[in-house]
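# missing the sequence, but the structure's below:
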């Protein structure tokens, strides 16, 4: 979630491809910097040959590490993570079910504390149905399964555009939706992560409806995130709870992968990686697997946008011995650009600090290439439409 050779931000180009002709692209707002004790000053741009990549070469490992993190917070207590935003967190994710009426104002005030005017991406899970965080502000959205069964793609896009405009007014810049998984189970529950979150078991239906959903988000000023690559539908268990496997890779290639391939070809700006093992492709959860992220998503499918993990606090990782800091280092090394995790409110600060420290230590020890961390932040800044050389 860099400017290209022609000077146009890559994420804007990708978003434009998702939306019908004439639809505005997403330009997340940046704000003036407020000096803080915890954040180092951003370097001054050099004219002529300046680029985001070149500027990031002057950042400290700590500054780079901060931009890869998405900080969890209750939508009713957003100011509690002010220190993390002041330190340069790349994003925040809102949890809850009822958002305060003044959420937009609070988020704007929070963003104003970000160093260098580089505001965090503000994320939510507004999928519809069982997964809505702020229906009281943006309106009720049917489940993906209901939309897939009763609405045309044009109707889906229209509905989501209306909700997205309200999300944007409430300070949201990114929605962790739509779900592209193919599933017909009874979930979401502790056994089935998808269920009604899936548009259909039919790849063609899911492809058309999910792209309509993504286009609606983009038309309303919200960056969509397609998930859960390479296809979590009909997984053996819910990865939030315990380790799970997807269908075999050869099966996914003929069905579950197809909506992702189509969305990427259409210009999807951001992809979330599943926490499940993919038999025949990975022996690790996909979120920490170079084969899944660098090998398949980047090299084979040619995806150039923002790569995000699912929550690295999930049972799928904890149960195989990965703490959040360990999982974050593994995910960034595997090719992820931003990482999600959850924690009790009282533990967010300490967990964030230890995670940043783990990334910095890995760079220092040579177990994580600094260039990989810089590349991750290039993608983060592109998603934000931030040009470090603009002054």
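Perfect, thanks for sending it. Everything numeric in this text was worked out from a predicted model, so none of it was measured.

# what bridges to the residue most central in space within the chain?
Per C-alpha atoms, centre = their mean, the C-alpha nearest to the average position across the chain is that of residue 308, at 4.5 Å. Residue 308 forms beta bridges with residue 272, residue 338, as assigned by DSSP bridges.

# so it touches residue 274, yeah?
No: using C-beta atoms under 8 Å, residue 308 is not in contact with residue 274, being 11.1 Å away. Bear in mind the C-beta positions are built from the backbone N, C-alpha and C, glycine included.

# rewinding a little: got a list of what the residue nearest to the centre of the chain touches?
1, 70, 176, 225, 270-273, 336-340 (C-beta atoms under 8 Å, 6 or more residues apart in numbering).

# so can I have JSON lines of those residues showing neighbour count, distance to residue 346 and pLDDT?
Listed next are the contacts of residue 308 as JSON lines, based on neighbours: other C-beta atoms under 10 Å; distance: C-beta to C-beta, whole Å; pLDDT from 0 to 100:
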{"residue": "1", "neighbour count": "28", "distance to residue 346": "27", "pLDDT": "36"}
{"residue": "70", "neighbour count": "24", "distance to residue 346": "19", "pLDDT": "98"}
{"residue": "176", "neighbour count": "26", "distance to residue 346": "24", "pLDDT": "98"}
{"residue": "225", "neighbour count": "28", "distance to residue 346": "28", "pLDDT": "98"}
{"residue": "270", "neighbour count": "28", "distance to residue 346": "30", "pLDDT": "98"}
{"residue": "271", "neighbour count": "26", "distance to residue 346": "32", "pLDDT": "98"}
{"residue": "272", "neighbour count": "26", "distance to residue 346": "27", "pLDDT": "99"}
{"residue": "273", "neighbour count": "26", "distance to residue 346": "28", "pLDDT": "98"}
{"residue": "336", "neighbour count": "30", "distance to residue 346": "27", "pLDDT": "98"}
{"residue": "337", "neighbour count": "28", "distance to residue 346": "28", "pLDDT": "98"}
{"residue": "338", "neighbour count": "28", "distance to residue 346": "24", "pLDDT": "98"}
{"residue": "339", "neighbour count": "28", "distance to residue 346": "21", "pLDDT": "98"}
{"residue": "340", "neighbour count": "25", "distance to residue 346": "19", "pLDDT": "98"}
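
# could those residues go into TSV alongside distance to residue 163?
Shown next, in TSV, are those (distance: C-beta to C-beta, whole Å):
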residue	distance to residue 163
1	19
70	22
176	14
225	15
270	18
271	22
272	20
273	25
336	28
337	26
338	23
339	27
340	22
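
# tell me which element residue 156 falls in.
Secondary structure from DSSP states H and E places residue 156 in helix 153-169.

# distance between that helix and the chain's centre?
Offset of helix 153-169 from its chain centre (C-alpha atoms, centre = their mean, to the nearest Å): 19 Å.

# pLDDT averaged over it - what is it?
Averaging pLDDT along helix 153-169 yields 98.

# which other residues reach it?
With C-beta under 8 Å, 6+ apart, helix 153-169 has contacts from 104, 124, 126, 134, 137-139, 141, 147, 151, 175, 208-209, 211-213, 215-222.

# report the buried members of those.
By neighbour count, with 16 or more other C-beta atoms under 10 Å, the contacts of helix 153-169 hold 104, 124, 126, 134, 137-138, 141, 147, 151, 175, 208-209, 211-213, 215-222 as buried.

# just the pLDDT for residue 19.
37.

# one more: residue 179?
For residue 179, pLDDT reads 98.

# for it, which non-adjacent residue is spatially closest?
Ranked by C-beta to C-beta, 6 or more residues apart in numbering and with sequence neighbours excluded, the top spatial neighbour of residue 179 is residue 197, at 4.6 Å.

# so the one you found versus residue 205, what's the distance?
14 Å (C-beta to C-beta, to the nearest Å).

# who's more crowded, those two?
residue 197 (28 against 17; other C-beta atoms under 10 Å).

# ok, the more buried one touching residue 180?
No: judged on C-beta under 8 Å, residue 197 makes no contact with residue 180 at a distance of 10.2 Å.

# before we move on, what SS does residue 247 have?
Here residue 247 is coil, with the state taken from DSSP: H, G, I helix; E, B strand; the rest coil.

# ok, it - contacts?
Applying C-beta under 8 Å, 6+ apart, the residues contacting residue 247 are 231, 233, 234, 235, 255, 256, 279.

# now do the phi/psi pair for residue 175.
Here is the backbone geometry of residue 175 (degrees, to the nearest 10): phi -110, psi 130.

# got it, and the one 10 residues further on?
According to degrees, to the nearest 10, the main-chain angles of residue 185 amount to phi -80, psi -170.
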